[in-house]
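1. here's my sequence, what's the structure:
(2 chains)
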Amino acid sequence: MGHYVPHTDEELATMLASMGLSSLDELFEVVPAALRLASGLDLPDGRSEFDVLDELEAVAGRNRTDLICFAGGGAYDHDIPSAVKRVAFRSEFVTAYTPYQPEVAQGVLQALFEYQTMIARLSGLEVANASLYDGATACVEAINLAVAATGRQTVWLSDGVHPTWRDTVRTFAAGTGHDIVDVPLSDGRTAWPETGEPGALLVQFPNRLGCIEDLAEARKVADRTGALLLVAFDPVASGLLRTPGSFGADVVVGEGQPFGTPLSFGGPYLGLFACRLEHVRRLPGRLVGETVDVEGRRAYVTTLRTREQDIRREKASSNVCTNQTLIAVVAAIQLSFLGTAGLRELALRCARASRYTRESLLAIDGVEPLASAPTFREFAVRLPVNGETIVDRMAEEGFLAGIPTDGGLIVAATEKRTRSEIDAYADAMRKVLQ
Amino acid sequence: MTIAGGRATSIPLMGRDEEPTIFELSAPGRSAARFRDQDLPEWSAHELVPADLVSEPLHLSEASERDVVGHFTRLSHRQYSVDLGAYPLGSCTMKYNPKLCDDVASLPGLANVHPAAPAHLTQGWLELLVGLGDALCEVTGMKAITLQPPAGAAGELTGLLLMRAWHEAQGRQRTKVIIPDSAHGTNPASVTLGGYDTVTVPSDERGLVDLEALKAVLDEDVAGIMLTNPNTLGLFEEEIVEIAAAVHEVGGLLYYDGANLNAILGVTRPGDMGFDIVHMNLHKTFAVPHGGGGPGAGPVAVSERLAAYLPGPVPVRTGDGTYAWSTPERSIGRVHGWHGNTLALARAWSYILLNGGDGLRRVAEGAVLNANWVREQLRGHYDIPFDRPNMHECVVSARNLKKAHGVKALDVAKRLLEEGFHSPTVYFPLIVEEALMIEPTETESPQTVAALVEALIRIAEGASEADREAPRTTPVRRVDEARAARQLIPTFDARP
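-> Take a look at the predicted model:
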């Protein structure tokens, strides 16, 4: 049949004849005649892979990939070592299904076990799942867990959480009926209400303006109100800063893209999810545990399966099944590559590049800090021109300048940004603002 | 019947020795990481952030590049995959995925684009997404689409939120969603998260939705019905037009679970059957590899009347031939942090271009041919509770083996691993006792499908109590799942 259906005409005829059929069309006689497509799909005919690649390379060429990236917002421009790309994309990892038969899935299962260990350590909590879709949807799952655990429907949502993540939380709250209450920032940090009985507080660390939130204070508010403390973190920050768990977070979520996944126009990314052990039976998604086989050899298997949707059906607290396993494996490999020393160095280098960029921008007339709270690798500045206009003009100078926000621009720097790039960026900004 | 041609087997290739964890392979002080020269001041941690926030270096593994590569390569040898052999896991559509799709997902012009970059800097991406969206609408017979949902379950929930928003806009308070008893478990879980109650309708003796039973539960509280067609028995719902009419009659909407779309590509379309909302699993039908459990992509296409409610923003072609983002007037809001699993979407687009309209039809033909042939060959060796022409998968039962030899579906599954094949889906759908749900897919040759059938027949003919010992040739043998749950060890640090 050609392309990716391997049957020869002779084989087709033999197989059909063995079933008493004479044509492929007869296979579809169970489909009512009125529903059958008479003239096929209105799509062009298939082509060779070379023709298709030519076309898609041309399409890809219509994206600007020459811009030096100072944008973040949960998606960061990091270097990715060749070893990570080569090993993670071995076809055994890429073309496996969910590990339903553990006897032949130890590779993925063990990689996930190691991933869970790494994410638990980064978050400072006891247990992490095998991944969720992305940072935004991980926030939704954290809220669902907290509401189920506390029996309270109200969620205090910090305005320091990325705007698209907050939008996503609101979208899903329409189904669950949770009451999402926006909590404003004051000088770059969340100003929690004095009174109320929320089931959860959701705060980002560092937040969307790059400011390092006061998690000790958030913990106090959680204790005072009886809420769970949910923290959306930048996992790279744990290379330098205390973990959210060390401040008493109950659930830690985040975006795992910085660990080995290219910017990719936003996906597939990696939803990180960790919680205290007491909440493990409400953990969304898959969880891998260590056990033994019948011969007593160490083995890994997906566990606490009774939490999951295919068993609990309408009583399940999450519908997640397929998640982002391959991206979790990528993260495990990247974190293994970095190791203890490499993670620290990565975080330091991001922070140094960010500080140098910040100081360079603040030296320009008319550029002011948007908040005074300390930052890690991202920061916000107030500009005399609106952020969208700056981004457009800076693109002409060869830079993706940042992410526009009300009254300014949010700028990120990573270990990939060098002094010469940052100097050129600041020069371009000076020119654009004149 | 016999099929000429050679057979291959894969299980003997898999690594049997235990692999230590990366933490056990560590040597203090070792590191693979070396960073580019930034030429920046080397400020210390305390100069960069407040001292009371600085942690001690967080302990990870400590290994060289060579050790890391060796470790994960050895792990990959303990993993079965489609590229190694057949994977007839029912309802999962584990077909071979063209390697071109991998190269497309690695194109620097696609992979190195920041998702917050404005539309005029990312015209290629928007063009690609619009092209894919249009093609998926054509394949499903729908009018508009969101590409944001990152997986099938996310698509389901998106669909239910669309249903909710639409009913609310009509001023209706609906409370129930109907699903058949053969539905995937995600369906009822999604219904709950969508804020609805699940009502289950039984299947009839043909394995199809019982139309009279359905009519009996249809009333003004019903928001809609979730169906997959073909259903999870692999059977086409022949009365789908009547079902659609009955649901629409009470003002309900029809939701199509696209898990089984592979069966009908270019043959028939959910939109023509009367469905209002359709999710697709691009990681099943459109060659996004499953990655050991994701990433997938679960776009949701809708009929005209629901287009205004789609999650936004959606990519659109403008009058001057450029592309832009646009948020539908009554959008339910975002369902993903950015634009969906975009590189997975690019893979799907390349797969559609490779196959074309003609090739997609051949996909369905090959899938349905292989699955029917498997059922025909297994007759007499396994019970077939609904023995009628099926679509892309067939469901047989091991209850005859259980009765005669005490050999259960699980034992058959484990024996098949020894024979060099991945197991079918077992114990699903729930309405079939000792179910084995077999989906050979169109990419497996007649030789491979014949080898699979021969192995299944050999297992049935040789069934004995000894099968409870299977598998004996795999990297590990049967795993103690009860102990995993009882003595939970979810991390290396939780080891006793």
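2. which stretches of the stretch 301-434 of chain A form helices?
-> Secondary structure of the stretch 301-434 of chain A (DSSP state H, counting those that start in this stretch): helices at A:309-312, A:325-362, A:387-396, A:419-433.
3. for those, which one ends up most surrounded?
-> helix A:325-362 (a mean of 25; mean count of other CB atoms under 10 Å in any protein chain shown). C-betas here are computed from N, CA, C, even on glycine.
4. longest helix in chain B, by residue count?
-> Counting by DSSP state H, the longest helix found in chain B is helix B:342-378.
5. any idea of the angle that one forms with helix A:325-362?
-> Angle between the axes of helix B:342-378 and helix A:325-362 is 180 degrees (criterion: axes from the mean of the first three to the mean of the last three CA atoms, to 10 degrees).
6. wait, does helix B:342-378 make contact with chain A?
-> Yes: applying CB under 8 Å from any CB of the partner chain, one finds helix B:342-378 in contact with chain A at B:342-344, B:346, B:349-350, B:352-363, B:365-366, B:368-369, B:372-373, B:376.
7. quick one: average pLDDT of the very next helix or strand once past that helix?
-> Next in sequence after helix B:342-378, counting helices and strands by DSSP states H and E, comes strand B:394-397. Confidence for strand B:394-397, expressed as mean pLDDT, is 98.
8. report whether strand B:394-397 contacts chain A.
-> No: taking CB under 8 Å from any CB as the criterion, strand B:394-397 and chain A are apart, separated by no less than 12.2 Å.
9. which other residues reach that strand?
-> Identification of contacts with strand B:394-397 by CB atoms under 8 Å, 6 or more residues apart in numbering or on different chains yields B:90, B:232-234, B:371-372, B:374-375, B:378, B:382-386, B:409, B:429, B:432-438.
10. I'd like to know which elements the helix or strand just after it is packed against.
-> Sequence order places helix B:399-405 as the next helix or strand after strand B:394-397, per DSSP H and E. The elements that helix B:399-405 packs onto, with contact taken as 3 or more CB pairs under 8 Å, 6 or more residues apart in numbering or on different chains; DSSP states H and E, are helix B:409-418.
11. can the lowest-mean-pLDDT helix or strand in chain B be said to contact chain A?
-> Ranking every helix and strand in chain B by mean pLDDT, DSSP states H and E puts helix B:186-193 at the bottom, with a mean of 93. Yes: Helix B:186-193 lies within reach of chain A by CB under 8 Å from any CB, at B:186, B:188-193.
12. and the worst-scoring helix or strand of chain A on mean pLDDT, what other elements does it pack with?
-> Least confident helix or strand of chain A, by mean pLDDT, DSSP H and E, is helix A:309-312 with a mean of 74. For helix A:309-312, the elements it packs on are helix B:186-193, judged by 3+ CB pairs under 8 Å, 6+ apart.
13. got the angle for the helix or strand just after the helix it packs on vs helix B:186-193?
-> For helix B:186-193, the following helix or strand on the C-terminal side (DSSP H and E) is strand B:197-201. Comparing the axes of strand B:197-201 and helix B:186-193 via the same axes, to 10 degrees yields an angle of 150 degrees.
14. centre of the chain versus the longest helix of chain B, how much separation?
-> 14 Å (CA atoms, centre = their mean, to the nearest Å).
15. tell me which of the residues of helix B:186-193 next to chain A is nearest to B:Ser445?
-> The shortest gap between B:Ser445 and any of those belongs to B:Thr186, at 31.6 Å (CB to CB).
16. could you list the low-pLDDT ranges of the stretch 1-150 of chain A?
-> Applying pLDDT under 70 to the stretch 1-150 of chain A flags residues A:1-2.
17. hmm, try it at 90
-> For the stretch 1-150 of chain A, the stretches with pLDDT under 90 are A:1-3.
18. chain B too?
-> Low-confidence segments of chain B (pLDDT under 90): B:1-16, B:182-185, B:287.
19. could you pull out the strands for it?
-> B:144-146, B:176-180, B:197-201, B:222-227, B:253-258, B:277-280, B:300-302, B:314-317, B:323-326, B:394-397, B:425-426, B:435-438 (DSSP state E).
20. with mean neighbour count and distance to A:Thr164 added, can I get those strands in JSON lines?
-> Putting the strands of chain B into JSON lines (neighbours: other CB atoms under 10 Å in any protein chain shown; distance: least, CB to CB, whole Å) gives the following:
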{"stretch": "strand B:144-146", "mean neighbour count": "25", "distance to A:Thr164": "14"}
{"stretch": "strand B:176-180", "mean neighbour count": "25", "distance to A:Thr164": "28"}
{"stretch": "strand B:197-201", "mean neighbour count": "18", "distance to A:Thr164": "31"}
{"stretch": "strand B:222-227", "mean neighbour count": "26", "distance to A:Thr164": "28"}
{"stretch": "strand B:253-258", "mean neighbour count": "29", "distance to A:Thr164": "25"}
{"stretch": "strand B:277-280", "mean neighbour count": "29", "distance to A:Thr164": "21"}
{"stretch": "strand B:300-302", "mean neighbour count": "31", "distance to A:Thr164": "18"}
{"stretch": "strand B:314-317", "mean neighbour count": "19", "distance to A:Thr164": "15"}
{"stretch": "strand B:323-326", "mean neighbour count": "17", "distance to A:Thr164": "12"}
{"stretch": "strand B:394-397", "mean neighbour count": "27", "distance to A:Thr164": "42"}
{"stretch": "strand B:425-426", "mean neighbour count": "22", "distance to A:Thr164": "36"}
{"stretch": "strand B:435-438", "mean neighbour count": "26", "distance to A:Thr164": "38"}
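21. next, count neighbours for residue 73.
-> Since no chain was named, I'll use chain A. Neighbour count for A:Gly73, taken as other CB atoms under 10 Å in any protein chain shown: 22.
22. please go with chain B instead
-> A count of nearby residues for B:Thr73, using other CB under 10 Å, gives 16.
23. could you check how far it is from B:Leu254?
-> 48 Å (CB to CB, to the nearest Å).
24. who wins on neighbours among the residues of helix B:186-193 next to chain A?
-> In terms of neighbours by other CB under 10 Å, the residues of helix B:186-193 next to chain A top out with B:Ser190 at 34 neighbours.
25. list the contacts of the spatially closest residue to that one that is not a sequence neighbour.
-> Distances taken as CB to CB, 6 or more residues apart in numbering or on different chains put B:Glu156 closest to B:Ser190, at 3.9 Å, once the chain neighbours are dropped. Counting by CB under 8 Å, 6+ apart, B:Glu156 touches A:319, B:186-187, B:190, B:226, B:255, B:257, B:279, B:298.
26. what helix or strand does A:Ala138 sit in?
-> helix A:135-150.
27. partner strands of the following helix or strand past that helix and their direction?
-> For helix A:135-150, the following helix or strand on the C-terminal side (DSSP H and E) is strand A:154-158. Within its sheet, strand A:154-158 is paired with strand A:179-183 (parallel), strand A:200-205 (parallel), according to DSSP bridges.
28. burial measure for the closest residue to A:Leu338 other than its chain neighbours, as a count.
-> Distance criterion CB to CB, 6+ apart; nearest residue to A:Leu338, sequence neighbours excluded, is B:Ala33 at 5.0 Å. The number of residues packed near B:Ala33 is 19, by other CB under 10 Å.
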